[in-house]
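Undergrad: Build me a model from this:
(one chain, ligands or ions: 1)
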Amino acid sequence: MKLWGGRFQKNTDHEMDDFHSSIGFDHRLFREDIAGSRAHAQMLARQGIISQEDQQAIDRGLASILTDMEAGRIDFPPESEDIHMRVEELLTERVGEPGKRLHTGRSRNDQVALDMRLYAKETAAETMAAVRRLCELLLSMAEAHVHDIMPGYTHLQQAQPITLGHYLMAYFQMFSRDLLRFENAYQAADVSPLGSGALAGAAYPLDRAFVAEALGLSRITLNSLDGVSDRDFLLDYLAAASICMMHLSRFCEECVLYSSAEFGFLAMDDSFSTGSSMMPQKKNPDVAELVRGKTGRVYGDLTALLTVMKSLPLAYNKDMQEDKESYFDARDTLLQCLGIFTDMLASATYRTDVMRRKANLGFSNATDCADYLVRKGVPFRDAHRITGELVAYCLDQGKALLDLEAEELARFSPVFSDDVYEALSPEACVAARDIPGGPAPRQVLAAIEAGKALLRSIPVHEA
Ligand code: ARG
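TA: Numbering: from 1, shown residues only. Presented below is the predicted three-dimensional model:
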């Protein structure tokens, strides 16, 4: 008979067992479930709601179940419905009568909310460690490349020269914002709902604060209806995860482009590349492509849970059991993507020689040419037109701006003199953009220092 079978005359249909059972995926919460039960039982005994002997039997039983589950010695049959019932049924099998007292003053509704919060808090901490690792890698790579010129793009057309250090720091900014979002998800999860009961709290003198503290949770929920029906803390994580995957997908897209022969900016390490079964020359950037592709599933996970929660009346509804698979999938996907992407990036080599050469070829110094003319007294509109004509001439001749002879330049404007070659070098173009947030090496170094300080200010949580 089911643990809740008292008012039923018939067993559940087999199809029904399979349909509503969540144990196939929620058994992953066994550690959290057992930790929550041990704290709950300890509190019940302290409050005189159960006896010390019962509590000790319960604790011993739960400890042995934990050991057996860790060792993979326990099965999770669909008839057990969910992890909460499985643990309780094993406990009663092992310790008898005291096991039946464990659920005093508790509902599976506040129990599952607690389990998910403990799990989500741990997940946020793990994710923060992974994002931090990527941020630290970006800082050290950026530091090594503050002087290395590369073409900067808008519309994927060469626009103005920047440095590789500046480029990498753009990604640092994105991932450091992600880190703050995961910190927010961590704080959101760090609350104990136990004592909310099924929806209306409990008529026992439960010490909610004691349970929270025993479980390392900072606060307790302040409304029992909300306590059992809130899944915002999962959505906070999923939203942060979606944005983080979006950032990864943009970086990946550029890794794919940059490792093509057409760009030639990035050489992936063999250990993170694959070959083709047919084309012997191929070296494919599979990691970057797969991470880019997996972004879709994480968005899907967010959309799934938002949709599950949409319009749900208070308080707990069985719909909410659907929170788990999406959440677990997003967690697994993101952690895997962050880990492998960081390893791939750490082992890849940016071809700074190729980047510098391409920055010279593609007219990315055209704005600086116009600025040069302006400095010589030409109105900006005219300077823009003259430079445009120069570019057209170069395209026709198959030359770069810096390839032009002094007398060719003179045909377009009398103000050009020999200092133009220095002024249009990509190094000069970059150095000229010496304002906060700009690509001049001094500014990038300042951004790196600020980045390090930011990382120091974000808490590191034990995972
Ligand atoms: N397996 C359920 C879930 O994941 C646990 C809570 C069940 N509560 C209930 N009243 N049926 O949501």
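Undergrad: Surely residue 286 and residue 276 touch.
TA: No - counting by Cβ atoms under 8 Å, residue 286 stays clear of residue 276, with 10.9 Å between them. Using the backbone N, CA and C atoms, a C-beta is placed for each residue, glycine as well.
Undergrad: how many other residues sit next to residue 288?
TA: Residue 288 has 29 neighbouring residues, counting by other Cβ atoms under 10 Å.
Undergrad: which ones are touching it?
TA: Taking Cβ atoms under 8 Å, 6 or more residues apart in numbering, we find residue 288 in contact with 251, 252, 253, 255, 256, 259, 341, 344.
Undergrad: Need the three-state assignment for it.
TA: helix (DSSP: H, G, I helix; E, B strand; the rest coil).
Undergrad: Would you mind giving me the confidence score for it?
TA: Model confidence at residue 288, given as pLDDT, is 96.
Undergrad: And residue 63, by the same measure?
TA: At residue 63 the predicted local distance difference test score is 98.
Undergrad: so where does it fall, helix or strand?
TA: Applying DSSP states H and E as the criterion places residue 63 in helix 52-70.
Undergrad: Return the distance of that helix from the chain's centre.
TA: Between the mean C-alpha point of helix 52-70 and the mean C-alpha point of its chain there is a distance of 36 Å (Cα atoms, centre = their mean, to the nearest Å).
Undergrad: ditto for stretch 284-302
TA: Computed by Cα atoms, centre = their mean, the separation of stretch 284-302 from the middle of its chain amounts to 12 Å.
Undergrad: Counting neighbours, show which residues of it come out buried.
TA: The neighbour-count criterion (16 or more other Cβ atoms under 10 Å) identifies 285-288, 291-292, 294-295, 297-299, 301-302 as the buried residues of stretch 284-302.
Undergrad: in stretch 56-69, what's buried?
TA: Buried positions in stretch 56-69, judged by neighbour count with 16+ other Cβ under 10 Å: 57, 58, 59, 61, 62, 65, 66, 69.
Undergrad: Could you list the contact residues of the protein toward the ligand?
TA: 22, 26, 82, 108, 109, 112, 316, 318, 320, 321 (Cβ under 6 Å from any ligand atom).
Undergrad: can we see that at 5 Å?
TA: By Cβ under 5 Å from any ligand atom, the residues of the chain that approach the ligand are 22, 82, 108, 112, 321.
Undergrad: count of neighbours near the second one?
TA: This means residue 82. Using other Cβ under 10 Å, residue 82 has 25 other residues around it.
Undergrad: now it: how far from residue 324?
TA: 10 Å (Cβ to Cβ, to the nearest Å).
Undergrad: Can you work out which residues contact both of those two?
TA: With contacts taken as Cβ under 8 Å, 6+ apart, residue 82 and residue 324 have 22, 26 as neighbours in common.
Undergrad: How about the contacts made by residue 458?
TA: 128, 132, 179, 180, 183.
Undergrad: what about it, distance to residue 259?
TA: Summarising the geometry, the distance separating residue 458 from residue 259, computed by Cβ to Cβ, is 32 Å.
Undergrad: ok, and what's touching stretch 416-432?
TA: Contact with stretch 416-432 is made by 147, 149, 160-163, 356, 359-360, 364-365, 367-369, 371-373, 401-402, 406, 409-410, 439-441, as judged by Cβ under 8 Å, 6+ apart.
Undergrad: Not counting its neighbours along the chain, what's nearest whichever residue of the stretch 351-463 of the chain sits closest to the ligand?
TA: Among all residues of the stretch 351-463 of the chain, residue 463 sits closest to the ligand, at 23.7 Å; criterion: Cβ to the nearest ligand atom. Distances taken as Cβ to Cβ, 6 or more residues apart in numbering put residue 125 closest to residue 463, at 4.0 Å, once the chain neighbours are dropped.
Undergrad: chain center to the helix or strand hosting residue 159, what's the gap?
TA: Here residue 159, judged by DSSP H and E, is contained in strand 157-163. Its chain's C-alpha centre lies 29 Å from the corresponding centre of strand 157-163 when counted by Cα atoms, centre = their mean.
Undergrad: Take the contacts of residue 288 and lay them out in TSV including secondary structure.
TA: As requested, these are arranged in TSV below (three-state DSSP):
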residue	secondary structure
251	helix
252	helix
253	helix
255	helix
256	helix
259	coil
341	helix
344	helix
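Undergrad: Tell me the one of those residues nearest residue 167?
TA: Distance to residue 167 across the contacts of residue 288 (Cβ to Cβ) is lowest for residue 251, with 10.3 Å.
Undergrad: For that closest one, report the pLDDT, please.
TA: Per-residue confidence for residue 251 comes out at a pLDDT of 98.
Undergrad: What of residue 144?
TA: Among the per-residue scores, residue 144 shows a pLDDT of 98.
Undergrad: Report how many residues lie close to it.
TA: If you count neighbours by other Cβ under 10 Å, residue 144 ends up with 14.
Undergrad: ok, and the closest non-adjacent residue to it?
TA: Closest residue in space to residue 144, ignoring its immediate chain neighbours: residue 165 at 7.6 Å, by Cβ to Cβ, 6+ apart.
Undergrad: Can you report how many residues neighbour that neighbour?
TA: Burial of residue 165 is recorded as 24 neighbouring residues (other Cβ under 10 Å).
Undergrad: OK, contacts around it?
TA: Contacts for residue 165 were tallied using Cβ under 8 Å, 6+ apart; they are 141, 142, 143, 144, 145, 146, 147, 148, 441, 444, 448.
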